[in-house]
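Colleague: Kindly generate the corresponding structure for this input.
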Amino acid sequence: MTRKKPATPGMLDSFSGPAAQLPPNRRTPAGVLAALRMNPYVSTWDMSETAWLRGCIETLKNNGRISEDKNEHYPWHRYIVQPEKEHPHE
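Modeller: Okay, here's the model as predicted:
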């Protein structure tokens, strides 16, 4: 059998973002926040498989540092990093 068209390279899609791939020493709310600034996406699978990531996301949400874009399509969660509030000097 002969091919009429040359084979083209396939595309591999990763359903993991930088926040989930942080090294153990950066798996903190501050580390996750820095990762979300670079790439605001976290997959549903990363959220279900990594308790530390869920905990950091929850902390950041509770502290008002991030909010979730509820219009993002499955399998992604998209987080919006909120600007830091300035604290007036006393």
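Colleague: For the top strand by length along the chain, output the C-alpha coordinates as CSV.
Modeller: Ordering each strand of the chain by length in residues (DSSP state E) puts strand 76-81 first. Only the C-alpha atoms of strand 76-81 are listed here, as CSV (Å, rounded to 0.1, in the frame of the first residue of the first chain):
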residue,chain,number,x,y,z
TRP,A,76,-10.3,23.6,32.6
HIS,A,77,-10.7,25.9,35.6
ARG,A,78,-9.5,29.4,34.8
TYR,A,79,-8.4,31.6,37.6
ILE,A,80,-8.2,35.4,37.6
VAL,A,81,-5.4,36.8,39.8
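Colleague: What is that strand packed up against?
Modeller: helix 29-38, strand 41-43, helix 44-49, strand 66-69 (3 or more CB pairs under 8 Å, 6 or more residues apart in numbering; DSSP states H and E). Placement of C-beta: from N, CA and C, glycine included.
Colleague: For the shortest one, report the contacting residues that lie outside it.
Modeller: Defining contact as CB atoms under 8 Å, 6 or more residues apart in numbering, one finds that strand 41-43 is touched by 15-17, 19-20, 36, 53, 57, 72, 75-79.
Colleague: Where does the prediction get shaky in this structure?
Modeller: By pLDDT under 70, the weakly predicted segments of the chain are 1-14, 86-90.
Colleague: Buried residues in the longest strand of the chain, which are they?
Modeller: For strand 76-81, burial by neighbour count (16 or more other CB atoms under 10 Å) applies to His77, Arg78, Tyr79.
Colleague: Out of the helices and strands packed on strand 76-81, indicate the one that is most buried.
Modeller: Among these, strand 41-43 has the highest mean neighbour count (mean count of other CB atoms under 10 Å), at a mean of 22.
Colleague: Show me what it pairs with in its sheet, parallel or antiparallel.
Modeller: strand 76-81 (antiparallel) (DSSP bridges).
Colleague: what angle sits between the partner strand and helix 29-38?
Modeller: 100 degrees (axes from the mean of the first three to the mean of the last three CA atoms, to 10 degrees).
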